[in-house]
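> Could you look at this predicted model? Sequence included:
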Amino acid sequence: MKVLFVNPGNAKAIYQGLSNKVSAIEPPTWALLLAESVRANGHDAKILDVNAENLDIPSSIQRVRDLNPEFICFVVYGQNVNAGTVSMSGAVKLSTAIKSELPQSKIGYIGSYVQALPKKALEEEHSIDIIFLNEGVYALRNLLNLSDFEEDSLRQVKGIGFRSSDGEIVLTSPEAVVPSSRMDVDLPGYAWDLLPYRERPLDLYRAPLWHAEYLEDNRSPYAAIQTSLGCNFGCSFCMINILNRNDNEEIGVASNYKGMRFWSLEHNLKQFDILNKLGVSTIRIVDEMFLLYKKHYVPLCEELSKRPYSSNLKMWSYSRVDTVTNEDFLRTVRNAGIRWLCLGIESATKSVRLEVSKGKFEDVDIKQVIQHVHNAGIEVMANYIVGLPGESFESMRRTLDLSLELCTSGWNMYAAMALPGSELYKHAIDNSYELPDTYTGFSFHSEDTLPLRTEKLSASEILRFRDEAFQIYHNDPRFLARIREKFGPGAVGNIMQTNSVKLKRNIIQSA
Ligand code: SF4
C-alpha cells in the first residue's frame, strides 16, 4: 500500500475527564481530503484513525505492520482549528513507537505545528523523516511520485523539510497551495469510505454536546466538511492561516498568509448530498468564515434549503459578528439547516476586541446581533477569550458579565494561548514570556496547560478566572432555564453532569 494517513489520538491527556463522554470526536477532515486527492492521482491510500477507534500504541503498530505502507503520513491538526500543537503529543508518541518497532518506516507530518516551526520539529522529533511546509497537497503528490525517498530525490520536491545525511535540516523551496480555480480538481472531496465505523458510516464520531442540543442521541453519526479554506483576517491569537504558508521563515506567523479559497457551489452541494446518502445529518461546516461572502454562502444555503433532507439537517458554522445583522439572510441560513452559529465575541472590552481581531469586524452592538440571530431561530455558541494583551481582572469580569447578559445556549471561554503559528507566540518569545514545554501544555483543557500571561495578570490567575467563570455560567439559573425551555430537562441534566467534571490544573494547584 502506498500511503497510510494517521489521525493520532491522545484525548485523555488533552481533555482529562471530559474525554470519556463530553469532548467531540471529529472526523479527520484533512486526512480525508488528502486521501481523496492522492487517490485521484492513482495512489492507493488508507486512513488509520487512532482517535476515533481509541487504539493504544501496540494495536496501532499492529495495524501499520499489517498494512505495510510505503509512506506513513501523520495528519496533525485537531478537533478545533487551534489544536494542531496539542495533537502533536499523541502523534509523536505513536511515531516514535513505530520507528522503534519498524525502523524502515518513512514517516511524514502534515499539520499546523510543523508548518509553524518546521526546523524545531525536525530538530526535536527524530521519528519524523519529512515535514510538509504548508497544506501539503502538491508536495505530497510529488513525493509519492518519487521512485525512492533518498536525499537526492527529496531535494527535488518543493514544500518539504527533512534531515540530510550529515544531519543538516533542509527546507526545500516553498510550494503553492491549491488555488481556488483548482479546488474541485485537486481537492476533489472526502475519502469517507476509508473511515472506520461500528454499524453505520461515521457512527464512531460524535458532535460537541451543545451542537447536539445537549442530548446524547443527537451526537452521532457526525461529519465535518469545508466549503472554503483559510481566512482573510489575521487575529493575533489564531494560527488558522498557517496552512497557506509560502515562505521558509524559522517561525511562521499565520497572519502573514491570509487568504480564502472556495470550492464551487456544485461541488459543495454534491458533498452534502453524499453525506445525506451516508445517513448523516449532524454536520459541522468547518470553514473559518462561512458567513463572510454572500456570493458564496447565500446560493449554497438557498440550494440546500430546496433539498428534501434539509429539514433534518442539524448543522453549525462559524460567523463573524457583523455579517449576521440581517434577519432575512439569517432565515436563509436557518432554512438550509444551520441551527447554530459559533460567534467569536472574544471580549467585552472594545479596545481589547478590536486590537486582537485585526479588522475581523467593525464594532457592532453585540446584544442586538445576538437578538437577530435568536429571532431567526438560530442558537449561538458564544466564544470568549480572557488573558489577551491589556487584560485585567476588571475586564475579564466585564466579559463574564456580558456573557451572562447575552445568555446564549452555548458558551466557551478560553484562556489566551500563545499557539505556535500565531502572532501571540512571537509576542511571547519577543517578551520572554514563559511558554509550555510540552505539547499538551498548549491545550485549553489539559492538566499542564500554561496560558499566556499579561502585563498585569499571571497565567494561573487567568486560568483560575476562566475555570470559575465556566462554573458560574453553566450553573446560572437564567441559562439553565433557557436550556430547559429549548431542549428539555435531559439537556439540563447533561450540563450538570459536565459541570461535575473538575479539570486538574497544575499551575493553579502550585500557585
Ligand atoms: S477571523 Fe480571526 S480567529 Fe477567525 S479564523 Fe480568521 S484569523 Fe482566525
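Ah, there it is.
> Let me know the outermost residue of the protein.
With distances taken as CA atoms, centre = their mean, the residue sitting farthest from the centre of the chain turns out to be residue 166, at 36.2 Å.
> Check which element follows the least confident helix or strand in the chain by mean pLDDT along the chain.
When each helix and strand of the chain is scored by mean pLDDT, DSSP states H and E, helix 11-15 comes last, with a mean of 58. If you walk from helix 11-15 toward the C-terminus, the next helix or strand you reach (DSSP states H and E) is helix 29-40.
> so what does that next one touch, helix or strand wise?
For helix 29-40, the helices and strands in contact under the criterion 3 or more CB pairs under 8 Å, 6 or more residues apart in numbering; DSSP states H and E are strand 3-7, strand 45-49, strand 71-76, strand 107-111, helix 137-144. C-beta here means a position set from N, CA and C on the backbone, and glycine is covered the same way.
> Let's see that with 10 Å instead.
Helix 29-40 makes packing contacts with strand 3-7, strand 45-49, strand 71-76, strand 107-111, helix 137-144, helix 183-186, strand 222-225 when contacts are defined by 3 or more CB pairs under 10 Å, 6 or more residues apart in numbering; DSSP states H and E.
> coming back round to it: contacts only, for the residue farthest from the centre of the chain.
Contacts for residue 166 were tallied using CB atoms under 10 Å, 6 or more residues apart in numbering; they are residue 151.
> how close does it sit to residue 151?
In this view, residue 166 and residue 151 are 10 Å apart by CB to CB, to the nearest Å.
> picking up where we left off before, turn the helices and strands packed on helix 29-40 into JSON lines, columns for mean pLDDT and mean neighbour count.
Putting the helices and strands packed on helix 29-40 into JSON lines (pLDDT from 0 to 100; neighbours: other CB atoms under 10 Å) gives the following:
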{"stretch": "strand 3-7", "mean pLDDT": "98", "mean neighbour count": "27"}
{"stretch": "strand 45-49", "mean pLDDT": "98", "mean neighbour count": "22"}
{"stretch": "strand 71-76", "mean pLDDT": "98", "mean neighbour count": "26"}
{"stretch": "strand 107-111", "mean pLDDT": "97", "mean neighbour count": "27"}
{"stretch": "helix 137-144", "mean pLDDT": "98", "mean neighbour count": "22"}
{"stretch": "helix 183-186", "mean pLDDT": "98", "mean neighbour count": "16"}
{"stretch": "strand 222-225", "mean pLDDT": "97", "mean neighbour count": "24"}
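> quick one, what contacts the closest residue to residue 376 other than its chain neighbours?
By the measure of CB to CB, 6 or more residues apart in numbering, the closest residue to residue 376 outside its immediate chain neighbours is residue 330, 3.5 Å from it. For residue 330, the contact set (CB under 10 Å, 6+ apart) comprises 291, 319, 323-324, 338, 341, 372-378.
> Mind doing that once more with 8 Å?
When contacts are counted by CB atoms under 8 Å, 6 or more residues apart in numbering, residue 330 is found next to 324, 372, 373, 375, 376, 378.
> Correct me if wrong, but it is in a helix.
Yes - when the secondary structure is assigned by DSSP: H, G, I helix; E, B strand; the rest coil, residue 330 falls within a helix.
> The longest helix along the chain close to the ligand?
Longest helix in the chain, counting residues (DSSP state H): helix 84-101. No - applying CB under 6 Å from any ligand atom, one finds helix 84-101 out of contact with the ligand, separated by at least 13.1 Å.
> what helices or strands is that helix leaning on?
Contacts of helix 84-101 with other secondary structure elements, assessed using 3+ CB pairs under 8 Å, 6+ apart, are made with helix 11-15, helix 50-53, helix 57-67, strand 71-76, strand 107-111, helix 112-116.
> closest one to residue 95 among the ones you listed?
When the helices and strands packed on helix 84-101 are compared by CB to CB, strand 107-111 sits nearest residue 95, at 5.1 Å.
> Neighbouring strands - and their directions - for that closest one?
Within its sheet, and counting by DSSP bridges, strand 107-111 is paired with strand 71-76 (parallel), strand 130-132 (parallel).
> Any idea how far it is from the middle of the chain?
Its chain's average C-alpha position is 17 Å from that of strand 107-111, according to CA atoms, centre = their mean, to the nearest Å.
> Can you name the residues that contact the single nearest residue of the stretch 401-511 of the chain relative to the ligand?
When you check the stretch 401-511 of the chain against the ligand by CB to the nearest ligand atom, the closest residue turns out to be residue 422, at 8.9 Å. When contacts are counted by CB under 8 Å, 6+ apart, residue 422 touches 82, 236, 237, 238, 239, 253, 254, 255.
> Do a quick rundown of the strands in the stretch 401-511 of the chain.
Shown for the stretch 401-511 of the chain, the strands assigned by DSSP state E, counting those that start in this stretch span residues 410-415.
> what about the helices in it?
With DSSP state H, counting those that start in this stretch, the ranges of helices along the stretch 401-511 of the chain come out as 423-430, 459-474, 477-487, 489-499, 506-509.
> and the fourth one, which residues are buried?
Translated: helix 489-499. When neighbours are counted by 16 or more other CB atoms under 10 Å, the buried residues of helix 489-499 are found to be 491, 492, 494, 495, 498.
> My guess is residue 97 contacts residue 64. True?
No - applying CB atoms under 8 Å, one finds residue 97 not in contact with residue 64, separated by 9.6 Å.
> These two: which is more packed in?
residue 64 (20 against 16; other CB atoms under 10 Å).
> residue contacts, residue 283?
Going by CB under 8 Å, 6+ apart, residue 283 touches 222, 223, 224, 225, 272, 275, 313, 314, 315.
> beta partners for it?
Note on residue 283: beta-bridge partners residue 223, residue 315, judged by DSSP bridges.
> Tell me the spacing between it and the ligand.
With the distance defined as CB to the nearest ligand atom, to the nearest Å, residue 283 ends up 19 Å from the ligand.
> One more: residue 103?
In terms of CB to the nearest ligand atom, residue 103 sits 40 Å off from the ligand.
> From the structure, what's the count of residues near that residue?
Neighbours of residue 103 (other CB under 10 Å): 7.
> what secondary structure does the residue farthest from the centre of the chain sit in?
Look at residue 166: counting by three-state DSSP, its state is coil.
> Next up, phi/psi of it, please.
Dihedral pair for residue 166: phi -100, psi 20, per degrees, to the nearest 10.
> gap between it and residue 159?
From residue 166 over to residue 159 the distance is 22 Å, taken as CB to CB.
> and if you look at residue 25?
30 Å.
> Residue 39 too?
Here residue 39 is placed at a distance of 20 Å from residue 159 (CB to CB).
> Those two: which is more packed in?
When residue 39 and residue 159 are compared on other CB under 10 Å, the one with more neighbours turns out to be residue 159, at 26 against 18.
> So which of the contacts of residue 283 is the closest to the ligand?
Among these, and counting by CB to the nearest ligand atom, the member closest to the ligand is residue 224, at 15.4 Å.
> Would you confirm that the closest one contacts residue 27?
Yes - in this structure residue 224 lies within contact range of residue 27 using CB under 8 Å: 5.6 Å.
> which parts of this protein sit against the ligand?
Those residues of the chain that sit near the ligand, judged by CB under 6 Å from any ligand atom, are 231, 233, 234, 235, 238, 240, 288, 344, 360.
> Among those, which pair sits farthest apart?
When the residues of the chain next to the ligand are compared pair by pair using CB to CB, the farthest-apart members prove to be 234 and 344, with a separation of 13.5 Å.
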